[in-house]
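Chemist: Sharing a model that was predicted from the sequence below.
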Amino acid sequence: MTGRVLAASLASAMALTLVPLSATAQPMRTPDGQPDVSGTFTFRTITPFQRPSQFAELETLDAETAAEFEASERTRQNRDLFDPEKGSGGYQPRSEGGVLSYNEFWYERGIELTSDKRTSLVVDPSNGRLPARTESAQMAAREAAADRREHMYDSYENRSSGDRCIMGFNAGPPMRSSAYNNNVMIFQSPGYVTILNEMVHNARVIPIGDGPDLPFSQRSGVSRGRWEGETLVIETDQFAGGSSGLTSTNMHLVERLTRLDPDTVAYEYTVTDSSIYTAPYTVMMPLRRTDGPLFEYACHEGNIGLHGILAGARNLELLGRELRP
């Protein structure tokens, strides 16, 4: 997973304008004449999803400030620098039950900002932050969290789709740069586009145009694509929803993929979900060509980990010991 090309290039984000190949360049086309957005890409970047408070008024950073921030983040997130007594990098100290999951070798979160040195991947709202959640969504999230704490060891059905190796935390849709497995293959064939994510090998088969619906359901929603000039537009709804209070079955997703150059596809998406957020929001990040192949994401290798979680809980119950979240 290490040593791949860094995801770090995109045109001006705040204009929300994707710039395809220049007029003098020959547009890339598939054999059937469609714009070519296929390839193997990485979307990892150290650019925060939401704008950090210290950059509240800054959409982009100058070269010096960007270099300082990148160096600071590489240190802050480096798991090899984890202090087991004091805790660090989001992990609690041992005295509070904190343990280190993986060392730094396994991470590929990116080490640089996007080439325009943006302070967030969220570009709308203009403050680089997600819109406020509705009161009902906040209440539902608190209730869901309380229910998870009380019942998280009852059954596999009480575990998240990630714990159960069903869906990945960054594969989406929509895709979102995260700690590792930020890689995707896009295939095009007449009438279809397939997006295969390395994380949990999630594959979305997307019909293009007004063809028949797929003969099978997809947990990641029902998608249909169309071409608007050089841009592939994918609209998705009928999501399964989630227990985090951040997604629901009402979410409507619009993704846009535009070939910028032979090595880069711009990826932009807008989420509209009035049951969760008080306004839509838009995210932009680059997909940068990377050498393959995608690695198998074996998850729990037969869900041995999930079996261990539940078996351990049953054993603690027999011993009369408290189950901790």
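Modeler: Thanks, I have it.

Chemist: buried stuff in stretch 256-265?
Modeler: Of all the residues in stretch 256-265, those buried under the rule 16 or more other CB atoms under 10 Å are R256, L257, T258, R259, L260, T264, V265. Placement of C-beta: from N, CA and C, glycine included.

Chemist: Include pLDDT when you put those residues into a markdown table, please.
Modeler: Below are these laid out as a markdown table (pLDDT from 0 to 100):
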| residue | pLDDT |
| --- | --- |
| R256 | 98 |
| L257 | 98 |
| T258 | 97 |
| R259 | 96 |
| L260 | 95 |
| T264 | 95 |
| V265 | 97 |
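
Chemist: Out of the residues you listed, which two sit at the greatest distance?
Modeler: Maximum pairwise distance in those, criterion CB to CB, is 14.0 Å, between R256 and T264.

Chemist: Any regions of the chain where pLDDT drops low?
Modeler: Per-residue confidence for the chain (pLDDT under 70) gives these ranges: 1-26, 87-91, 98, 215-218, 241-246, 300-302.

Chemist: Tell me where it has strands.
Modeler: Along the chain, the stretches classed as strands by DSSP state E are 39-42, 122-124, 183-189, 192-197, 203-207, 222-228, 231-237, 252-261, 264-272, 281-289.

Chemist: Put together a markdown table for those strands, with distance to I166 on each row.
Modeler: Formatted as a markdown table, those follow (distance: least, CB to CB, whole Å):
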| stretch | distance to I166 |
| --- | --- |
| strand 39-42 | 23 |
| strand 122-124 | 26 |
| strand 183-189 | 18 |
| strand 192-197 | 13 |
| strand 203-207 | 13 |
| strand 222-228 | 17 |
| strand 231-237 | 17 |
| strand 252-261 | 19 |
| strand 264-272 | 21 |
| strand 281-289 | 23 |
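
Chemist: Nearest to G308, out of these?
Modeler: In terms of CB to CB, the element of these nearest to G308 is strand 192-197, at 25.8 Å.

Chemist: Off-centre distance for the closest one?
Modeler: Centroid separation for strand 192-197 versus its chain: 16 Å, with CA atoms, centre = their mean, to the nearest Å.

Chemist: That strand: which residues count as buried?
Modeler: For strand 192-197, the neighbour count (16+ other CB under 10 Å) marks V193, I195, L196, N197 as buried.

Chemist: Please tell me how far the second one sits from S223.
Modeler: Noted for I195: a distance of 9 Å to S223, by CB to CB, to the nearest Å.

Chemist: cool, the first one as well?
Modeler: Using CB to CB, we find V193 at a distance of 9 Å from S223.

Chemist: circling back: joint contacts of I195 and S223?
Modeler: Residues touching both I195 and S223 (CB atoms under 8 Å, 6 or more residues apart in numbering): P173, R204, I206.

Chemist: Just the buried ones among the residues you listed, please.
Modeler: P173, R204, I206.

Chemist: show me what contacts the second one?
Modeler: Read it as R204. By CB under 8 Å, 6+ apart, the contact list for R204 reads P173, T194, I195, L196, Q218, S220, S223.

Chemist: do the first one as well
Modeler: Applying CB under 8 Å, 6+ apart, one finds that P173 lies in contact with I195, R204, S220, G221, S223, I234, T236, L253, E255, Y269.

Chemist: just the contacts of R204 now: which is nearest L318?
Modeler: Among those, and counting by CB to CB, the member closest to L318 is S220, at 38.9 Å.

Chemist: how near is the closest one to A203?
Modeler: The separation that S220 has from A203, given CB to CB, amounts to 9 Å.

Chemist: Repeat that for V265.
Modeler: From V265 across to A203, the span is 18 Å (CB to CB).

Chemist: same check, this time on E235
Modeler: Distance from E235 to A203, counting by CB to CB: 18 Å.

Chemist: One more: L232?
Modeler: Distance of L232 to A203, given as CB to CB: 17 Å.

Chemist: Name the residue in these two with the higher neighbour count.
Modeler: Set side by side, L232 and A203 show more neighbours around L232, with 23 against 14, by other CB atoms under 10 Å.

Chemist: what pairs with that one across the strands?
Modeler: W227, L257 (DSSP bridges).

Chemist: How about the contacts made by it?
Modeler: Contacts of L232 (CB under 8 Å, 6+ apart): P35, V37, V193, G225, R226, R256, L257, T258.

Chemist: Hmm, the first one is touching Q188, no?
Modeler: By that I understand P35. No: using CB atoms under 8 Å, P35 is not in contact with Q188, being 9.1 Å away.

Chemist: ok now do A66, which residues does it touch?
Modeler: Going by CB under 8 Å, 6+ apart, A66 touches L113, K117.

Chemist: Distance check, Y192 against I234.
Modeler: The gap separating Y192 from I234 is 12 Å, by CB to CB.
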